[in-house]
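A.B. asks: Here you go, sequence then predicted model.
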Amino acid sequence: MTSAALAPPAPARASPSRRRFLPEVQALRALAVTLVVVYHFYPAAAPGGFVGVDVFFVISGFLITSHLLRGAEANGRISLPAFWAARVRRIMPAALVTVLAVLAATVMWWPLSQWGEISRHAVASLLSVENWVLASDSVDYLAADNAPTALQHFWSLGVEEQFYLFWPLAVIAALAIAGRLRRRADAADRRPRVGVRPLAAVLFAVVLVSSLALSAGLVRQGDPAAYFVTTARVWELAAGGLLAALLPAAGWGVRGQVRVLSALAGLAVLVAVAVFYTEKTPFPGQGAIAPVVGTLAIIAAGRTAGAGSLHRITDLRPVQWVGDVSYSLYLWHWPVVVVAGHLLARRFHWWEALGLIALSLVLAALSHRFVETPARRWKPLAARPWRAVLAGGAVTVLAIGVAVAPAVRASAVEGEQTAAAHALLTAPPTGFGAAAWATADGASFVDGRTAIAPAPARAGLDLPAWRDCIADVYADAVKPCTFGDAAGTVDVALVGDSHAGQWIGVLDEIARARHWRLTTYVRNSCPFTPVPRTLERAQHTSCTKTNAETLRALERSRPDAVLIASWSGSSFVADPRPGFADEFASLRAAGSVPIVLRDTPWGTDAGDVYVRDCVAAHETRPHACDLDRAAAVHTDGAADAARAAGVAVIDPVDWICGPSVCPAVVGNVLVWRDRNHISNTYMRTLRPQLERALASVVPFGS
């Protein structure tokens with residue numbers, strides 16, 4: 001993260017209101033990056049350390065606005081080329097080197113199936129739109145489960161760089177209004193005249209209030225995009241800008257001991273939120289107010305002295321040095337986290353975390369010394385603003401070309417794999433998919449063929465043809481859809497979350513063959529229980545309403561049977577089993593037969609890597625990616641409640657797993673399409689087993 005200030009000169013003996021180098025702000029940078037680094041390497045020590053990013057936002061808003069307002073007052077104008085050129089020299093070189101290093105690590109150590117995704121994030125980072133890509137992924141149910149890449153921390157740089165594009169325009173607008181008011185006052189020979197700072201403060205306040213209101217609203221709605229989108233974050237930078245506009249009028253704030261207390265109170269707030277906030281804290285919205293106010297209090301306090309002053313700490317050379325390299329440290333620490341985690345294939349021990357932090361500091365020092373500083377001071381670019389802007393654009397275009405190269409290579413290989421998978425599907429070998437349990441004891445490959453369907457790199461798209469019948473996790477209602485034989489005389493309903501949805505393809509085939517009418521009521525992340533589910537950042541209670549509406553629809557339509565399935569990894573605010581039992585009783589009272597499809601096994605391989613990505617790296621020996629059965633088979637609350645209530649349970653575990661392992665590939669078919677969903681190709685090979693199981697539970701007509 002960068003505060004994007006120009007390189008600080010040596011401390012000057014200027015009056016407090018005219019200081020250009022602010023050691024207390026430099027120390028704030030050090031604190032902010034320390035919180036973020038500790039949070040990423042050892043989150044138990046600072047579960048709310050993510051607020052360090054918010055500290056950076058406030059600092060950036062304050063310093064950039066101070067720079068703009070000084071220029072506006074001194075020159076009566078703002079040079080946009082000069083401003084943007086300074087940002088290019090300050091931000092781009094180190095960021096570019098980081099992106100290229102991550103791409104090199106990707107080619108060396110990551111499976112080809114992930115190259116395209118990492119290339120996508122690399123391009124987004126280079127274009128300063130990574131925050132919008134992550135926002136889109138966070139509300140896309142299929143993308144939200146993607147493994148983190150080593151460039152995701154560029155989201156905050158995207159927010160800042162977008163801020164740098166439009167914020168000078170706000171100051172220019174204030175200048176223009178001030179000029180017009182001044183001309184009117186001169187014409188009427190009136191005094192006083194309105195300066196640029198009060199007008200800018202009004203504009204900044206409008207941005208602050210509007211953005212904060214939007215952020216709070218998105219958080220209340222449980223929208224995960226609120227964490228990333230610029231519109232929900234810019235209020236934090238605007239808060240720093242507002243302080244920059246107002247502070248000179250107060251002569252650097254109040255005097256004496258009150259300033260000391262302000263700094264101490266601000267520090268206490270930041271430490272408190274870093275310790276007591278967690279990933280479940282609703283954030284940003286109102287949750288971000290505390291770290292923003294704490295940062296403002298420290299900046300407003302300025303240079304303190306006397307009893308309780310922090311200047312003896314803030315002036316320490318190590319503290320100032322960490323502040324100096326904070327941008328490079330922010331850039332490099334996250335790739336170290338991701339690369340080391342990928343290579344170690346486990347969580348860090350505390351002593352490993354310390355070593356990796358030391359490595360991050362070394363990389364930051366090298367980046368600051370040999371990339372950041374020379375680029376910022378290079379005279380050919382510093383002399384002419386447009387040179388830096390044009391050079392930055394040209395280098396970005398070249399870097400994008402490098403960034404897409406892994407994706408192009410991956411696409412070519414994926415095309416070959418997809419063609420081989422298509423050949424398998426066109427002429428399946430004996431023992432294809434789940435049939436291998438009966439003919440080849442669950443062997444990975446049968447009939448001497450080693451192709452895999454679906455192609456591992458494209459397994460995430462191996463979905464049933466469910467059209468738009470799966471309601472999104474944040475949808476207001478479930479959309480009932482009809483599959484099978486619409487004129488059938490036997491009615492079957494399928495209810496639940498995405499783990500019910502994964503059965504749609506094979507159930508549709510069975511329903512068509514047996515002339516059943518299949519109606520689906522499926523919503524992502526909504527198990528069929530009135531007990532609310534707890535999601536990652538907020539309690540997700542809208543499922544309660546959705547499930548009640550679904551139950552009423554089932555009571556009205558009274559299908560012959562209701563199949564219920566849900567993810568066994570869901571967490572709830574209370575024991576969900578009584579809720580499942582209540583739903584079973586209601587269905588029975590309406591004349592329907594409830595049947596629970598026990599959840600399918602799920603998990604990651606021994607290296608905590610998605611099975612599909614592991615198989616992409618071990619195509620000829622996919623057993624390296626098998627899951628331990630004991631770890632992959634999870635307790636299913638719906639199945640437990642069904643057994644207790646005498647409701648039929650269909651258990652597919654033995655159709656997927658052997659006695660001790662759950663193979664990654666069975667009969668040339670990749671079993672999992674992501675962390676916890678079975679591929680549609682493998683699901684379709686389960687048709688004989690599922691059809692027999694259904695016939696044994698309820699005597700359907702054919």
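C.D. replies: Good, I have the coordinates.

A.B. asks: where are the low-confidence patches of the stretch 151-300 of the chain?
C.D. replies: 185-193, 248-255 (pLDDT under 70).

A.B. asks: Kindly apply the preceding question to the chain instead.
C.D. replies: Filtered on pLDDT under 70, the chain yields the residue ranges 1-21, 139-146, 185-193, 248-255, 383, 535-541, 605-607, 698-702.

A.B. asks: hmm, try it at 50
C.D. replies: Low-confidence segments of the chain, defined by pLDDT under 50, span residues 2-17, 250-251, 253, 536-540, 702.

A.B. asks: Where is the longest helix in it?
C.D. replies: The longest helix of the chain (DSSP state H) is helix 385-426.

A.B. asks: How far off centre is that helix?
C.D. replies: Centroid separation for helix 385-426 versus its chain: 22 Å, with C-alpha atoms, centre = their mean, to the nearest Å.

A.B. asks: ditto for stretch 365-372
C.D. replies: Taking mean C-alpha positions (C-alpha atoms, centre = their mean), stretch 365-372 and its chain are 29 Å apart.

A.B. asks: sorry, back to before: tell me which strands and helices the longest helix of the chain is in contact with?
C.D. replies: helix 80-109, helix 115-126, helix 379-383 (3 or more C-beta pairs under 8 Å, 6 or more residues apart in numbering; DSSP states H and E). Placement of C-beta: from N, CA and C, glycine included.

A.B. asks: now with 6 Å?
C.D. replies: Applying 3 or more C-beta pairs under 6 Å, 6 or more residues apart in numbering; DSSP states H and E, one finds that helix 385-426 makes contact with helix 80-109, helix 115-126.

A.B. asks: Let me know the angle separating it from helix 80-109.
C.D. replies: 30 degrees (axes from the mean of the first three to the mean of the last three C-alpha atoms, to 10 degrees).

A.B. asks: Helix 115-126 and helix 385-426, what's the angle between them?
C.D. replies: Going by the same axes, to 10 degrees, helix 385-426 makes 160 degrees with helix 115-126.

A.B. asks: Spit out the contact partners of the nearest residue in space to Gly603 that is not next to it in sequence.
C.D. replies: Setting aside the residues directly before and after it, Gly603 is nearest to Ala632 in space (C-beta to C-beta, 6 or more residues apart in numbering), at 4.6 Å. By C-beta atoms under 6 Å, 6 or more residues apart in numbering, the contact set of Ala632 is 601, 603, 662.

A.B. asks: Against Ala693, how distant is the closest residue to the first one other than its chain neighbours?
C.D. replies: Yep, that's Pro601 we're talking about. Ranked by C-beta to C-beta, 6+ apart and with sequence neighbours excluded, the top spatial neighbour of Pro601 is Ala632, at 3.8 Å. Applying C-beta to C-beta, to the nearest Å, the value for Ala632 to Ala693 is 20 Å.

A.B. asks: mind listing what Phe445 touches?
C.D. replies: Counted by C-beta under 6 Å, 6+ apart, Phe445 has contacts Asn668.

A.B. asks: ugh, wrong one, Asn131
C.D. replies: Asn131 makes contact with 155, 158-159, 228 under the criterion C-beta under 6 Å, 6+ apart.

A.B. asks: related to what we said a few turns ago, any chance of the helices and strands packed on helix 385-426 in JSON lines with mean neighbour count as columns?
C.D. replies: Conversion of the helices and strands packed on helix 385-426 to JSON lines gives the following (neighbours: other C-beta atoms under 10 Å):
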{"stretch": "helix 80-109", "mean neighbour count": "20"}
{"stretch": "helix 115-126", "mean neighbour count": "23"}
